[in-house]
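Novice: Pasted the sequence and its predicted model underneath.
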Amino acid sequence: QVRLVESGGGLVQAGGSLRVSCAASGRTITLYGMGWFRQAPGKDREFVAAINWSGSTIYADSVKGRFTISRDNAKNTVYLQMNSLKPEDTAVYYCAAGAESYAYIGGRESSYGYWGQGTQVTVSS
């Protein structure tokens, strides 16, 4: 059973930075794509960023240039570095793991087989 645990969320002022982490257990993430999604109050969950097993990355237009996704395979952990945060970035951030090894993933939720419980990020104006 794969378990994903997010951490690092919190309250930050607009323009600030925050790094959230996703620690995986139950399987190694080395051969799997990993992604971050977020859900703001009253809105649908949306794609934020993904990093494939090869290291290639993809970002939502709304965070491009401000957020960076990375992975540390030795620690079985994925990170999302968020800079220049805006109030509209306020959401619960979810980590997700790809369902199949060596599969390239992006923004489609159907590509992911496992989800974390989420961590709250609040950006004050």
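Specialist: Received, thanks. Owing to the predicted nature of the structure, the values given are computational and were not obtained by experimental measurement. Numbers count the residues shown, from 1 in each chain.
Novice: packing partners for the helix or strand where residue 20 lies?
Specialist: Counting by DSSP states H and E, the element that carries residue 20 is strand 18-25. If you count contacts as 3 or more C-beta pairs under 8 Å, 6 or more residues apart in numbering; DSSP states H and E, strand 18-25 packs onto strand 3-7, strand 34-39, strand 77-82, strand 91-98, strand 119-124. Where you see a C-beta, it was placed from the backbone N, CA and C, and this is true even at glycine.
Novice: Apply 10 Å and report the result again.
Specialist: The criterion is 3 or more C-beta pairs under 10 Å, 6 or more residues apart in numbering; DSSP states H and E, and the helices and strands that strand 18-25 contacts are strand 3-7, strand 10-13, strand 34-39, strand 67-72, strand 77-82, strand 91-98, strand 119-124.
Novice: Switch those over to TSV; also include mean neighbour count.
Specialist: Written out in TSV, the entries for these read as follows (neighbours: other C-beta atoms under 10 Å):
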stretch	mean neighbour count
strand 3-7	17
strand 10-13	12
strand 34-39	24
strand 67-72	18
strand 77-82	22
strand 91-98	23
strand 119-124	17
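Novice: State whether residue 110 is indeed within a strand.
Specialist: No. When DSSP: H, G, I helix; E, B strand; the rest coil is applied, residue 110 is found to be helix, with no strand at that position.
Novice: Any idea what the residue most central in space within the chain is bridged to?
Specialist: Geometric centre of the chain, nearest residue: residue 36, 2.2 Å, by C-alpha atoms, centre = their mean. As for beta bridges, residue 36 partners with residue 49, residue 95 under DSSP bridges.
Novice: before we move on, what about residue 59?
Specialist: For residue 59, the beta-bridge partners are residue 49 (DSSP bridges).
Novice: List the contacts of it.
Specialist: Shown here is residue 59, whose contacts under the criterion C-beta atoms under 10 Å, 6 or more residues apart in numbering are 36, 47-51, 65-69, 106-107.
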